[in-house]
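S.K.: quick one, fold the following:
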Amino acid sequence: MRLKAIICLPFLLVCVNLYSQVKTLQAIKISQAPKIDGNLDDAAWINVTPASNFIQNFPTYGKEASTKTEVKLVYDNNAIYVGAYLYDDPKLIRTQLTARDGEQRQDVDYFSVFFDTYKDLQNGFQFTVTTANVQSDARLTPNQETDFDEYGDKTWEAVWESKVSIKEDGWVVEMRIPYISLRFAKKDLQDWGLQFLRFTRRTNERDFWNPINPQINGFVNQFGIYAGLKDIKPPLRLSFSPYISGGYRRSPEAGEFTDTWLRNGGMDVKYGLNESFTLDATLIPDFGQVISDNVINNLSPFEVRFQENRPFFTEGTELFNKAGLFYSRRVGKVPTGYNSVRNFVHNNSSDWEIIKNPSVTQLYNGTKFSGRNKQKLGIGIFNALTAPMDAKIRNKITGKDSVIRTEPLANYNIIVIDQALKGRSFVSLTNTNVLRSGGDRDANVTAVDFALYDRKNIYALNGTARYSKIWGTNPYDGYNTTLRFAKVSGNWQYNVTGNIESANYDPRDLGFLAAPNEITYRGGLSYRMFTPTKNFLTYSYSLSSRLTYLYKPYAYSYFDVAATGFWVFKNFWDVTLKAVWNPMPVDDYFVLQTPWKFIHYPENYIFSLDGSSDSRRKLFFRYGGVYAKSPEFDNTYTSLSIGFRYRFNDRFTLDLQTVSTYEENQLGYAFLRESNGDPIAGFRDNRDFTSVLSGIYNFTPRINLTLRTRHYWNKVNYKSFHNVDDDGLLSSRPFINGNDDNVNFFNLDAFLTWDFRLGSRLILGYKNWLGEDEYVTPTGKNTYLQNLGDVFDLRHGNEFTLRFIYFLDYNQLRRKR
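M.R.: Take a look at the predicted model:
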């Protein structure tokens, strides 16, 4: 045994030394660019030393890659060129056609190149090509999670070129990435961070050129080096994307249909002021062709946060989102007075009708200026101007029209200064402000954020300090501060956090905050095994706790302890188990939506289970379940979610996701008040069911048809009503009839997209939605299927749109001239 240890020790030392060294690839400048055709027979590739000897990251970190990969990299004054030969048996290569940015958990192999152009070990770019020549790209930031092969923000889309070919001994990918899609410092001689990734679907093997150690915190900080880029003289980075759109919409409003012909036109402009900084502008944008929101019947005291789907607000906004103060859905939101007009006409439909009531605030223009200089200082400036919105209603008796201002003219601004420090450390300053015309409310938030890592990247100290100020009829101000210390690398990790939000802290004019007026202490301990064992590919355990007080008045609110286990089996199935225990009563100061009033909830416990099967199979399914109990109130919560995805072939995939929840004796605000203004609470049975059917058919790597339809049903039946005293305790009051809900939401979105040339796109869209009759009276037994059937008997809105976008590169136009 001792002899074996002596023999193995030198081998282990060699491995440790090998994997700890940073690989370097020497930059080679060429005079003649290669033709991007998926073949590496151009003169530009001759005598170029390839990057090779890839190392596994998953499933077994540290092992040599099971298949050979060679990557060549060259550059000129216009672009970076990548030529990769990925050796394999052609019969085993997976080649499913997917949507752009949609390669994850699909039956396809892919190759990625990453650049850290400022070599700040924090920010970067990713460009991915699948075996079907479908592209994916992302911006990498320090705050980005890197689980499940997601390394950056994929909402960012760049214009670049790729070609793939299948060979007798593998597959080849060739890429041209123009400097218009990159940003870098203006220096005569520079080094970039560089990384290559190869993913083989049949084995789920993930290989990197420079090893990525899963025990080390961070991703970009583990890149290799692309050394010696000299005298890059990029051409002017200027591009235009003019668009025109048109369509027809028929909307049910207040018992009638409103017909609208849609027409719009505008332009997106991208101008590189230099190699480091870029100006993006959108003029009279049209955001009609986006996926519908997942609207629900919200009985909670908190605002629902919706996903951003508009391209201008998702592309290249990572710097503006660094402090977490930018909720872009505030810009171009539903006008503040929209529902007031709608409800007024609905309640007075015999006398009034709606002539127009815009549901979206028109954006005049939006501008983003961002970049980073050679001192690693990032600067970002965002500005958006929205139009004043007016509704017009007509009196049926007199025939006279009334105009109601539903949203004032508003100007939204963000300024960010972000200094990348040594290693993964940084400090940033963010300011957001909103200015509205007339006497409407204005807002300003200023924040300082920092992260400090030790030299070995094992420990981190993070902090924030924020101040908000609101002007208007009732001005007020507030602050928020956070401090977190954590061990961020290694098998064992832990963290402690303290967060204070004052009673009047309010960043919600341009940001998002569920609720202020809280003091929260958190702590966590976790263990993760990164290398395979006898039964698992990887697993982790964690224990966490949270203690919350009300800030003003200072009072106890909440305490819980949570334990979580996560396992990935050798067959690539995964399962997560979680248990949460509230050993002390909960004083909820937000549920009644009344200052200082709270409900005293008894102890409770929650168990959850979720997981998924092997996503390589044609049939892939997901599952989840929750069981929660509060014995004193006889309150039980159950939830079951099941999802299926079936891949019919390499072009066609369907996915069905269903979620059913039922809470018996749910206690909450009944949205009723006594004559003196005191809130009324109620026990209710709350059931909802959501089903989402989505599918995609890919005709080619650049043409696809997508479909998404969603139905949401919520049934609420009140059982009793109660008053709440100053100690949060209940007292019975007489029952109030007519407060049950039976709510349905339905949406269908279908888009045929054709990327007919680089950066240019033609989109044919269709939308269908349930009109104003969300409160449905079922014709039969009140079940989900009965409600789904009744939904199709109600009035729906319909919209057909066609959008044409054409990308124009100034340099191409100049060469043609």
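
S.K.: if residue 227 is in a bridge, with which residues?
M.R.: Going by DSSP bridges, residue 227 is paired in beta bridges with residue 26.

S.K.: list the contacts for it?
M.R.: Neighbour list for residue 227: 24-27, 191 [criterion: CB atoms under 8 Å, 6 or more residues apart in numbering]. The C-beta positions use only the backbone N, C-alpha and C, and glycine is treated the same way.

S.K.: at 10 Å what do you get?
M.R.: Counting by CB atoms under 10 Å, 6 or more residues apart in numbering, residue 227 touches 24-27, 189-192, 194.

S.K.: which member of the residues you listed is positioned nearest residue 694?
M.R.: Distance to residue 694 across these (CB to CB) is lowest for residue 194, with 36.4 Å.

S.K.: separate out the buried members of the contacts of residue 227.
M.R.: 25, 27, 190-192, 194 (16 or more other CB atoms under 10 Å).

S.K.: list the buried residues in stretch 618-638.
M.R.: Buried residues in stretch 618-638, counted by 16+ other CB under 10 Å: 620-622, 624, 626, 628, 630, 633, 635, 637.

S.K.: which of those sit farthest apart?
M.R.: Among the buried residues of stretch 618-638, 620 and 633 lie farthest apart (CB to CB), at 38.9 Å.

S.K.: give the rounded mean pLDDT of stretch 622-641.
M.R.: The pLDDT scores in stretch 622-641 average 96.

S.K.: quick one: end-to-end distance for it.
M.R.: 8 Å (CA to CA, to the nearest Å).

S.K.: pLDDT and distance to residue 386 added to the contacts of residue 227, as CSV?
M.R.: Shown next, in CSV, are these (pLDDT from 0 to 100; distance: CB to CB, whole Å):
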residue, pLDDT, distance to residue 386
24, 97, 49
25, 97, 47
26, 96, 50
27, 96, 45
189, 93, 45
190, 93, 40
191, 95, 43
192, 96, 39
194, 98, 42
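
S.K.: centroid-nearest residue for this protein?
M.R.: residue 307 (6.8 Å; CA atoms, centre = their mean).

S.K.: correct me if wrong: that residue contacts residue 291.
M.R.: Yes - the criterion here is CB atoms under 10 Å, and residue 307 meets it with residue 291 at 8.0 Å.

S.K.: from the buried residues of stretch 618-638, which land in helices?
M.R.: With DSSP state H as the criterion, helices contain none of the buried residues of stretch 618-638.

S.K.: show me where pLDDT drops low in this protein?
M.R.: Segments of the chain classed as low confidence (criterion: pLDDT under 70) are 1-20, 145-148, 254-255, 772-773, 815-817.

S.K.: do a quick rundown of the helices in the protein.
M.R.: Using DSSP H, helices in the chain cover 2-20, 311-314, 338-347, 784-791, 810-816.

S.K.: ok, now which ones touch residue 71?
M.R.: Per CB under 10 Å, 6+ apart, neighbours of residue 71: 25, 48, 50-52, 54, 82-86, 111, 113, 173, 194, 196, 198, 209.

S.K.: ugh, wrong one, I meant residue 456
M.R.: 216, 423, 489.

S.K.: ok, back up a step: weed out the non-buried ones from the contacts of residue 71.
M.R.: Judged by 16+ other CB under 10 Å, buried ones among those: 25, 48, 50-51, 54, 82-86, 111, 113, 173, 194, 196, 198, 209.

S.K.: how many residues are close by the nearest residue to residue 438 once chain neighbours are set aside?
M.R.: With CB to CB, 6 or more residues apart in numbering as the criterion, residue 438 has its nearest non-adjacent residue at 5.7 Å, and that residue is residue 408. Neighbouring residues of residue 408 were enumerated by other CB atoms under 10 Å; the total is 20.

S.K.: for residue 408, grab phi and psi.
M.R.: phi -80, psi 170 (degrees, to the nearest 10).

S.K.: doesn't residue 385 make contact with it?
M.R.: No - the pair residue 408 / residue 385 is not scored as a contact, 11.9 Å apart, by CB under 10 Å.

S.K.: between the two, which contacts overlap?
M.R.: By CB under 10 Å, 6+ apart, residue 408 and residue 385 have these common neighbours: residue 435.

S.K.: any idea how far the spatially closest residue to residue 191 that is not a sequence neighbour is from residue 374?
M.R.: Once flanking residues are discounted, residue 191 sits nearest to residue 227: 4.9 Å by CB to CB, 6+ apart. Look at residue 227 and residue 374: by CB to CB, to the nearest Å, they are 16 Å apart.

S.K.: ok so, going back, which one of the contacts of residue 456 has the most neighbours?
M.R.: Neighbour-wise, these (other CB under 10 Å) top out at residue 489, 20 neighbours.

S.K.: in contact with that one, which residues?
M.R.: Residue 489 neighbours (CB under 10 Å, 6+ apart): 213-218, 453-454, 456-460.

S.K.: ok, residue 609 next?
M.R.: Counted by CB under 10 Å, 6+ apart, residue 609 has contacts 575-578, 623-627.

S.K.: so what's it bridging to?
M.R.: Counting by DSSP bridges, residue 609 is bridged to residue 577, residue 625.

S.K.: next one: residue 703
M.R.: Beta-bridge partners, per DSSP bridges, of residue 703: residue 700, residue 754.

S.K.: ok, it touching residue 763?
M.R.: No - using CB under 10 Å, residue 703 makes no contact with residue 763, being 11.0 Å away.

S.K.: which neighbours do those two have in common?
M.R.: 752-755.

S.K.: switch the residues you listed over to a markdown table; also include distance to residue 403 and neighbour count.
M.R.: A markdown table is the format used below for the shared contacts of residue 703 and residue 763 (distance: CB to CB, whole Å; neighbours: other CB atoms under 10 Å):
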| residue | distance to residue 403 | neighbour count |
| --- | --- | --- |
| 752 | 38 | 17 |
| 753 | 38 | 18 |
| 754 | 41 | 16 |
| 755 | 42 | 19 |
